[in-house]
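Participant: Pasting the sequence and the predicted coordinates here, then a few questions.
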Amino acid sequence: MSGRPGKAAIFEQFAADGITKMFGNPGTVEQGFLDVLGELPDFQYVLALQEAVAVGIADGYARASASPALVQLHTGVGLGNGVGMLYQAKRGHSPLVVIAGDAGVRYDAMDSQMAVDLVEMARPVTKYATRVTHPESVLRVLRRAVKIAMTPPRGPVFVALPMDVLDADTSEPAVPSTLPSRAVLPVPAELERAARALRAARNPLILMGDGVSVSGAQAELAAVAELLHAPVWGVDNSELNMDTTHPLYRGQLGHMFGEVSKKVVADADAVLIVGTYVFPEVFPELADPFRPDATIVHIDLDDWEMAKNFPVHIPLLADPKPTLGAIAERLVAAGAVSRVAPTRWTRPPVDAASPMIERFAAELADRAGEGLVLFDEALTASPGLLKHLAPTRPGDYFLTRGGSLGIGIPGAIGAKLARPDAQVVGFTGDGGSMYTIQGLWTAVRYGIGAKFVICNNHRYELLDLNIEQYWGERGIPSHRHPDGFDLGRPDIGFAELARSLGVEAVRVSKPEEVEPAVRRMLAHDGPFLVDLVTA
């Protein structure tokens, strides 16, 4: 391969890996390779007005496409703006490849404007972080980044690309990155041990998470649950890992209080953990919540999470899909029979007392039909939403994760970019929306026809609920919530704000306004926002 500048070679490498979009916000030290983009008609730069929006769009794109998403940030200041969303991507195992420029290796000793250790900034919120310091290693490092991002457990990676390194010529060839297969099974003896322990249980329980989705193991998980007659709970469960209308699906354990998880697992004599870690709460139980005589089986490709917090008796470092399939075969061979009667899920009725979110969700369910994709950051409104739009198909539902607000709008934009033929609706709250409301501008600029619903209760309501729990645990008498939880003074005009960014919008504050708003939203050619007043 003849020499060419690294700033051009990197796009050859991205093309070799099938990456044709870059989500970002430009900066001076990245101008060299951004200038090259003008010569590449088949490569799209998706401009966001703030770095958190760029990372959020990329996160939604990676989740909906199950492929790596490329993000460009602007040195330390841009990386700092994107850290919250990168944390969310790390906790959710999104395969993001994040690049940022700096002025150059030659200036390292100068401690000049914007100088910062980018690798150390990125390390806590990424799976891997590095800086290229020689032109003949630029493509090698980018391939390594793609490999690490896409190898389960997936996650975001970061590569700092100094300007002088990219300006120099490189003769490295651009070839596709190698993605090692991790479709591995445990040895037969371990499979037998796991199947035997689960078969012997009188009160088994399954805890499952997003490793199921990455593996494509939804059918195998359901089969094992049916053979064991075991209820299934979601833990760190933000993809569609099991049909939520399945009679054995029990819902989410949540992410706040360990006592909730403790109550759920307390009576189980065998617990099968698949594709998740235990437990993800903000306030977890410090003591082992499982029964002393319970047998714990853990199937995952993330060895870090196995027995990280509590002992596991049968840890199987393996791919969930073939491993669950092999366990199901052994259960059947041992005489296990599924006695789970199929049930037909029906939506609950809506009446005059139904909350606004339920009225809206029911109307959306009636009008959107099959193929609706939901990006759910509705938070306290989410239970009402899912009462009428219960997720059933992999790839049609994405839940916020990681604890940082603001993913609802950019996540829906990214999902729509990845699934242009789908009807994508992103739900967020009034508080969360204001972290990334600039994303609406990006949707208009690129004609991304995602729809957005702001569940507007004029508060950080989740904080209201959490502080009430805090008061109860400590015997503090109930009193007025902190003033900082209030978002109603002044009232935010979300419809007006959306229109200022080029998005058609409507405010819905009365039940009779729901039906025409949903009809108008779905019929509109382009992005559309509904300010849904829920309180």
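Facilitator: Looks like it arrived, so ask away. Numbers count the residues shown, from 1 in each chain.

Participant: For the rest of this, base every contact and every neighbour count on C-alpha atoms.
Facilitator: Fine.

Participant: Do a quick rundown of the helices in the stretch 101-250 of the chain.
Facilitator: In the stretch 101-250 of the chain, the helices defined using DSSP state H, counting those that start in this stretch lie at 118-122, 138-150, 163-167, 188-200, 211-215, 218-228.

Participant: nearest to residue 15, of the ones you listed?
Facilitator: Closest of these to residue 15 is helix 138-150, at 11.6 Å (criterion: C-alpha to C-alpha).

Participant: The closest one: which residues count as buried?
Facilitator: 138, 139, 140, 142, 143, 145, 146, 147, 148, 149, 150 (16 or more other C-alpha atoms under 10 Å).

Participant: then stretch 372-379 to PDB, C-alphas only?
Facilitator: Only the C-alpha atoms of stretch 372-379 are listed here, as PDB (Å, rounded to 0.1, in the frame of the first residue of the first chain):
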ATOM      1  CA  LEU A 372     -43.600   0.200  16.100                       C
ATOM      2  CA  VAL A 373     -40.100   0.800  17.700                       C
ATOM      3  CA  LEU A 374     -40.100   2.400  21.100                       C
ATOM      4  CA  PHE A 375     -37.200   4.100  22.700                       C
ATOM      5  CA  ASP A 376     -38.200   4.400  26.400                       C
ATOM      6  CA  GLU A 377     -36.900   7.100  28.700                       C
ATOM      7  CA  ALA A 378     -40.300   7.700  30.200                       C
ATOM      8  CA  LEU A 379     -39.100   6.600  33.600                       C
END
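
Participant: List the contacts of that stretch.
Facilitator: Contact partners of stretch 372-379, identified using C-alpha atoms under 8 Å, 6 or more residues apart in numbering, comprise 382, 385, 395-400, 406-408, 411-412, 415, 422-429, 432, 454-455, 462.

Participant: wait, doesn't residue 439 sit right on residue 408?
Facilitator: No - Residue 439 is beyond contact range of residue 408, at 9.9 Å (criterion: C-alpha atoms under 8 Å).

Participant: These two - which one has more neighbours?
Facilitator: More crowded of residue 439 and residue 408, by other C-alpha atoms under 10 Å: residue 408, with 33 against 28.

Participant: Can you tell me which residue is spatially central in the protein?
Facilitator: Among the residues of the chain, residue 92 comes closest to the average C-alpha position under C-alpha atoms, centre = their mean, at 4.9 Å.

Participant: Helices of the stretch 301-450 of the chain, start to end?
Facilitator: Secondary structure of the stretch 301-450 of the chain, counting by DSSP H, counting those that start in this stretch: helices at 320-333, 356-368, 382-388, 408-418, 430-433, 439-445.

Participant: So for the shortest one, mean pLDDT?
Facilitator: It stands for helix 430-433. In this model, helix 430-433 has a mean pLDDT of 96.

Participant: May I see the buried residues of that helix?
Facilitator: Buried residues in helix 430-433 (16+ other C-alpha under 10 Å): 430, 431, 432, 433.

Participant: ok, for the first one, nearest residue in space, not its chain neighbours?
Facilitator: The shortest distance from residue 430 to any non-neighbouring residue, by C-alpha to C-alpha, 6 or more residues apart in numbering, is to residue 456 (4.9 Å).

Participant: List phi and psi for the one you found.
Facilitator: phi -100, psi 100 (degrees, to the nearest 10).

Participant: can you give me how far the lowest-mean-pLDDT helix or strand in the chain is from the chain middle?
Facilitator: Of all helical and strand segments in the chain, the minimum by mean pLDDT, DSSP states H and E falls on helix 461-474, at a mean of 91. Centroid displacement of helix 461-474 relative to its chain, using C-alpha atoms, centre = their mean, to the nearest Å, is 26 Å.

Participant: What is the helix or strand just after that helix packed up against?
Facilitator: Using DSSP states H and E, the next helix or strand after helix 461-474 towards the C-terminus is helix 494-500. Applying 3 or more C-alpha pairs under 8 Å, 6 or more residues apart in numbering; DSSP states H and E, one finds that helix 494-500 contacts strand 504-508, strand 528-533.

Participant: which stretch among the ones you listed comes nearest residue 448?
Facilitator: Closest among the helices and strands packed on helix 494-500, using C-alpha to C-alpha: strand 528-533, at 10.0 Å.

Participant: Okay, angle between that closest one and helix 356-368 too, please.
Facilitator: 150 degrees (axes from the mean of the first three to the mean of the last three C-alpha atoms, to 10 degrees).

Participant: Alpha carbons of strand 528-533, as CSV, please.
Facilitator: Taking C-alpha atoms only, strand 528-533 is exported to CSV below (Å, rounded to 0.1, in the frame of the first residue of the first chain):
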residue,chain,number,x,y,z
PHE,A,528,-42.7,15.5,15.3
LEU,A,529,-42.9,16.2,19.0
VAL,A,530,-45.8,15.9,21.5
ASP,A,531,-45.6,17.7,24.8
LEU,A,532,-47.8,15.4,26.8
VAL,A,533,-48.9,17.0,30.1
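
Participant: contacts for that strand?
Facilitator: Applying C-alpha under 8 Å, 6+ apart, the contact partners of strand 528-533 are 356-357, 449-457, 494-495, 498, 503-509, 517, 521.

Participant: Can you get me a residue count around residue 523?
Facilitator: Residue 523 sits with 10 neighbouring residues when counted by other C-alpha under 10 Å.

Participant: again with the one 4 residues further on
Facilitator: When neighbours are counted by other C-alpha under 10 Å, residue 527 registers 25.

Participant: so what's the backbone phi/psi at it?
Facilitator: phi -70, psi 150.
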